[in-house]
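Undergrad: Let me see the structure of the following:
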Amino acid sequence: MKNRPISRLAIATALMTALPVAALAQAEAEPSATGEATPEAQVSVETSPPNAADQQPAFEGQTRAPQPANMPEVATATVATDLPQLWALEFLPDGQMLVTAKAGQMHVIDAEGTATEVTGVPEVDTAGQGGLLDVALAPDHAESGLIFFSFAEPRDGGNGTSVASARLVLDEAGGGTLEDVAVIFQQTPTYDGDKHFGSRLVFGPENELYVTVGERSDEEPRVQSQDLGSGLGKVFRITTEGEPFEGNPFIGTEGALPEIWSYGHRNTQSAALDAEGQLWIVEHGPLGGDELNRPEPGENYGWPEVTYGLEYSGDAVGDGITQQEPTLQPAYYWDPVIAPSGMAFYAGDEFPEWDGAALVGGLVTEGLVVLELDGDQVTTEQRVPLDARARDVKVGPDGAVYVVTEDRDAGTSEILRLTKG
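TA: Here you go, the predicted model:
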């Protein structure tokens, strides 16, 4: 099902046919003739009651999808430990890993798990949720050495999410240096806060750069998610020079930022391209209401006027509206939350059961969330427990899944390698 606007008639029909959330959580699997549960009868992995018990999905399967009938055994090995608290991981062409650390460092990690620092990173604001955030290789990185990274940039009057480009020059000691560092894009307005910076960077099939950002959390600035003249709560699509990409939906619209691709987002820390080159994101909800979306040009995803979940106080968000035209419904949502961070679509030989599945890191659920999709609809949800906050997810050149975990109290991270058990 495509996450397009849903008419009032369609909503009414869907609500009459959809199972209540609580019933979805408690349904029992029906055995088949062989005594095994059929895929359609598998229960949801989520059995806790929702925070917003009175809210109902707009269509069947929008939340608490069943588990797959066949789930692979997963073996976990630690490939790097005693690292600073990391945010992102990217594989270099030679198979080494380039990682960013929240405190503002960048490292290269070799096959033995040894981390060597990359110098030349600009100053970052590390307060609260701020810091050095995502990193992505330029499409022509093998020739140019260019990388792009996002960070909480300290500014007069506060801070904001910015994107910089640089040339990564590796050295014989195993590390490297960033040269020709240039800030190519700045989220505006600047705000004096320490929350909801986003951010993920994803290159599309036309070498366009998608940039996800947060809406800064607080009650006043978060309403700017609905303001096309503000850069809060948006997905941007830009060139490698930071200019609006040709064909963006609001180019020429008076008062609108031409870099905007979609709006009405809360705090997006997961983003990836599927096999067809389509961008998907998973954004943090409040108390409940994490959302999987496939952002379409010029569309409004509702926050904070339309959302699932509740305020952290337990009160309704605004008027408590979960469906309202012309905002688009999420393809899928979670209540309780998984607290998503990091995302990849699986392609490889290690896990044939996951071919084409979305892999999402779970901070609160402390593991990997595996979503199988049929078109725009989630058909199954599996969770792989890792007993640690999963900050980023990548599929390695060997087909294994690599997960960056973090220990916020200790300020450290590990990198785990997931293979078939």
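Undergrad: which residues sit in contact with R237?
TA: Contacts for R237 were tallied using C-beta atoms under 8 Å, 6 or more residues apart in numbering; they are 204, 208-211, 244-245, 248, 259, 261. Bear in mind the C-beta positions are built from the backbone N, C-alpha and C, glycine included.
Undergrad: how close does the residue nearest to it when sequence neighbours are not counted sit to E208?
TA: The shortest distance from R237 to any residue other than its chain neighbours is 4.1 Å, reached at W261 (C-beta to C-beta, 6 or more residues apart in numbering). Applying C-beta to C-beta, to the nearest Å, one obtains 9 Å for the distance of W261 from E208.
Undergrad: The two - which one has more neighbours?
TA: W261 (26 against 20; other C-beta atoms under 10 Å).
Undergrad: Mind giving me the packing neighbours of the host helix or strand of the more buried one?
TA: Counting by DSSP states H and E, the element that carries W261 is strand 260-263. With contacts defined as 3 or more C-beta pairs under 8 Å, 6 or more residues apart in numbering; DSSP states H and E, the secondary structure elements packing on strand 260-263 are strand 234-238.
Undergrad: State the helix or strand in which the residue most central in space within the chain lies.
TA: Within the chain, the residue whose C-alpha comes closest to the C-alpha centroid is S270; the distance, by C-alpha atoms, centre = their mean, is 0.8 Å. S270 belongs to strand 267-273 when elements are defined using DSSP H and E.
Undergrad: ok, how many other residues are close to the residue lying closest to E215 once chain neighbours are set aside?
TA: When the adjacent residues along the chain are set aside, E215 lies closest to G233, with 3.3 Å between them (C-beta to C-beta, 6+ apart). When counting by other C-beta under 10 Å, one arrives at 31 neighbours for G233.
Undergrad: Now do the same contact list for G233.
TA: Residues in contact with G233, defined by C-beta under 8 Å, 6+ apart, are 213-215, 222, 224-226, 263-266, 303.
Undergrad: what about 10 Å?
TA: With C-beta atoms under 10 Å, 6 or more residues apart in numbering as the criterion, the residues that contact G233 are 187, 196, 198, 212-216, 221-227, 262-268, 283, 301, 303-304.
Undergrad: Out of those, which sit inside strands?
TA: Counting by DSSP state E, the part of the contacts of G233 found in strands is 212, 262-263, 267-268, 283.
Undergrad: Go ahead and confirm V378 touches F59.
TA: No. No contact is recorded between V378 and F59 when judged using C-beta atoms under 10 Å, the distance being 11.2 Å.
Undergrad: Those two: who's more crowded?
TA: For V378 and F59, the more surrounded residue by other C-beta under 10 Å is V378, and the numbers stand at 22 against 19.
Undergrad: OK, contacts around the more buried one?
TA: When the contact criterion is C-beta under 10 Å, 6+ apart, the partners of V378 are 1, 61-66, 292, 331-333, 357-358, 371-372.
Undergrad: What segments of the stretch 101-250 of the chain are helices?
TA: Counting by DSSP state H, counting those that start in this stretch, the stretch 101-250 of the chain forms helices over residues 141-144, 219-222, given from the N-terminal end onward.
Undergrad: right, and those helices - which one's nearest T240?
TA: Between T240 and those, the shortest separation by C-beta to C-beta is 9.7 Å, and it involves helix 141-144.
Undergrad: Output that closest one as CSV - backbone C-alpha positions only.
TA: Backbone C-alpha positions of helix 141-144 (Å, rounded to 0.1, in the frame of the first residue of the first chain) are rendered in CSV as follows:
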residue,chain,number,x,y,z
HIS,A,141,34.9,8.7,-4.0
ALA,A,142,37.3,6.1,-5.5
GLU,A,143,38.6,8.8,-7.8
SER,A,144,38.1,12.0,-5.9
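Undergrad: so what does it touch, helix or strand wise?
TA: When contacts are defined as 3 or more C-beta pairs under 10 Å, 6 or more residues apart in numbering; DSSP states H and E, helix 141-144 sits against strand 158-170.
Undergrad: Kindly calculate the angle that the strand it packs on makes with strand 234-238.
TA: Interaxial angle, strand 158-170 versus strand 234-238 (axes from the mean of the first three to the mean of the last three C-alpha atoms, to 10 degrees): 40 degrees.
Undergrad: State the mean pLDDT of strand 158-170.
TA: If you average the pLDDT over strand 158-170, you get 98.
Undergrad: Mind listing what's buried along that strand?
TA: By neighbour count with 16 or more other C-beta atoms under 10 Å, strand 158-170 contains the buried residues 158-168, 170.
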